Every structure is written in structure tokens, then in C-alpha cells.
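*Asks:* please find the sequence and the predicted model below.
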Amino acid sequence: MKPHYRSKNLMRIVFFSLLVFILQGCSTLKLGYNKVDTLAYWWLDGYADFSSAQSEKLQPALEQLMRWHREQELPSYATLLHQAQGLAGGNITPAQVCSLWSAAQARIDVSAAKALPAMTELALDLSPRQLAHIERQWAKKNATWQDDWLKGNPAQREQKRLEAMVDRYESFYGDLNPAQTKLLQQQIKQSLWTPEWGWQDRLQKQQQLMSVLRSFQTKTQTPEQAQEALKNVYQNWTSTSAGSGFEMRQGLMQQSCVSVAQLHNTTTPAQRLKAVQRIKAYLSDVRDLASP
């Protein structure tokens, strides 16, 4: 059960991938997880267009990160899934949803800290040409984002969001009934998130990261200073208690926890059973993946 609040970025792709597979209803968890390092490399390379020397450093670093994650972090994910399985069969409160999500975010933060030295080394080695390549890739992705979320009138935008939410929930609970779909419509109308805010937030994040990456071109920062700068960017993008715009992130998360609990508490015994079975399957996969 995942709040309707999510962010992806250059620093989080490696360690966020597992959570995405688990919480968005991916039916190929084992296959996906076993290829996360490769997928992460190609995702990053699509943005930065690595040199051969950079690739030779990054690929082993990603493989090492995933070995660490498998050994040290998967047991924690199994614990979270076990907790979710225990909650899914009955009514839940927003506080329970937020507690589970905060625990998952804490695990992501641990992985972020583990990945940061390798990401810092990579960032310090990026050339002006590569920074320009990143900006061009952002421009392409931004154009697609605008087409997806800023085109059409407000009613059309709401309908697109509704369809996405219905798909997400139905992958977990099965078919939703009309009353549940109507509840989702109401939640969208009341949501703090708007496409306009999402667009500005997206641009701000890109500008923050690019400003830091460009500052590295002076070659005056120590690795420790550069690592601290990237850590601050990550925290500014994700923290719900500090940093630029944290109040909005906090409000979005709290509202999302309420929305998830509201929808879950309307589910039928059959829908809850499907949710429990889905989580049980994820838990089995995670335990298998964590086994030596």
C-alpha cells in the first residue's frame, strides 16, 4: 500500500527500484531485482553518456551496491512486508500507513548514504559536454511530462490522474467498484498536488542538482565537500521535515496516508484477501532473493 507521492531522480534510481517493484504491483520482482544494477547503469548512462573509463568505475560500484543491498537491506524489506501483510486484512488508520511508508523511506535513505560516495566520484568526473547532455535529456523528459500532465483542461487532467490511480489500486486489490472510483475522484479534487506544482517542483529539482554539478567543474571541492553538497540536494528533494518546500512534501504525504486508508477501508473481503495474497507473494520473493 503506497501513498500517492513519489519522486525519482539521478541519486535514487538504484535503491528506489526495489520499492517500486514491490509497491506498484510488478509481477516480475525477482527478475527485476536481479537486473537492477544493469538497469540503473543504462538509466544513468542515458542521461550522462559515460566515457569508457567512467563506465569501468561505475558498473562494478553498482554491482557492489546491489550485493550490499541484497545482504543487508532485503531482510528489512521483508520485515516491512510482513507488517503490511498483517495490516492488509483489516481496517487501517492514516497513522499506520504513514508509519509503514516512513519506515520504507528510512531504508531508502540508508541506501542513499551507501551509494553517495560512488555517486559523488561520478559527479566530480562529469565533463561540461556531459552536463549539457543531461540538460538535453531533461528537456526531452520535460516535454513528455508536460504532454502527460499539463495538456488538456482541468477535467481532462483529473480524468488522467483518476485512470492512473485506478490502475495502481486495481493491480493490488482487483477491480474497484463505482463507489471506490468515486472516492478516488473526490480525493483528486481535494489533493494538494496539482500539475502546475508538480511542474515547478520538477524544474526546481533539476536546477538544484545542475547548480551543484556545475560547481564541481571548478575542481575546488574536496570529495568530502562534494559528497555533502549532493547529500544536501537529496535531502532537499525528499525530506518532509527540513529543506526547501518541506511543508508541501509533508502535507502531500499526510494527505496520501489519509487517502490510502480511506480507500483500503472501503475494500471488500475479497479485495483484502487479494491484497494479502499479493503481499505474501512479494514477501516470499524477497526472502528468496535475500537467501545466500
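*Replies:* Here it is on my side, so go on.
*Asks:* may I have stretch 135-143 as PDB, with CA atoms only?
*Replies:* The C-alpha trace of stretch 135-143 is given here as PDB (Å, rounded to 0.1, in the frame of the first residue of the first chain):
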ATOM      1  CA  GLU A 135      20.200  19.100 -19.700                       C
ATOM      2  CA  ARG A 136      19.100  17.900 -23.200                       C
ATOM      3  CA  GLN A 137      17.800  14.700 -21.800                       C
ATOM      4  CA  TRP A 138      15.900  16.600 -19.100                       C
ATOM      5  CA  ALA A 139      14.400  18.800 -21.800                       C
ATOM      6  CA  LYS A 140      13.100  15.700 -23.700                       C
ATOM      7  CA  LYS A 141      11.700  14.200 -20.500                       C
ATOM      8  CA  ASN A 142      10.200  17.500 -19.500                       C
ATOM      9  CA  ALA A 143       8.400  17.800 -22.800                       C
END
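*Asks:* run through who's touching it.
*Replies:* For stretch 135-143, the external contacting residues (C-beta atoms under 8 Å, 6 or more residues apart in numbering) are 46-47, 202-203, 206, 210. All C-beta spots, glycine's among them, are computed from the backbone N, C-alpha and C.
*Asks:* switch the cut-off to 7 Å
*Replies:* With C-beta atoms under 7 Å, 6 or more residues apart in numbering as the contact definition, stretch 135-143 has outside contacts at 46-47, 206, 210.
*Asks:* just curious, which of those residues is nearest to residue 276?
*Replies:* Nearest to residue 276 out of those is residue 46 (C-beta to C-beta; 37.7 Å).
*Asks:* quick one: the nearest residue to that closest one once chain neighbours are set aside from residue 47, how far?
*Replies:* Leaving aside its chain neighbours, residue 46 sits nearest to residue 137 (6.6 Å; criterion: C-beta to C-beta, 6 or more residues apart in numbering). Using C-beta to C-beta, to the nearest Å, residue 137 is found at 5 Å from residue 47.
*Asks:* hmm, back to that, out of the contacts of stretch 135-143, which are buried?
*Replies:* Neighbour-count burial (16 or more other C-beta atoms under 10 Å) applied to the contacts of stretch 135-143 gives 47, 206.
*Asks:* can you show me the helices along the stretch 101-250 of the chain?
*Replies:* Ranges of helices in the stretch 101-250 of the chain, per DSSP state H, counting those that start in this stretch, are 128-149, 154-173, 178-190, 195-215, 223-238, 246-264.
*Asks:* in JSON lines: those, plus distance to residue 81 and mean pLDDT.
*Replies:* As requested, the helices of the stretch 101-250 of the chain are exported to JSON lines (distance: least, C-beta to C-beta, whole Å; pLDDT from 0 to 100):
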{"stretch": "helix 128-149", "distance to residue 81": "30", "mean pLDDT": "95"}
{"stretch": "helix 154-173", "distance to residue 81": "13", "mean pLDDT": "93"}
{"stretch": "helix 178-190", "distance to residue 81": "24", "mean pLDDT": "97"}
{"stretch": "helix 195-215", "distance to residue 81": "29", "mean pLDDT": "94"}
{"stretch": "helix 223-238", "distance to residue 81": "22", "mean pLDDT": "92"}
{"stretch": "helix 246-264", "distance to residue 81": "16", "mean pLDDT": "94"}
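*Asks:* I appreciate the help and will end here.
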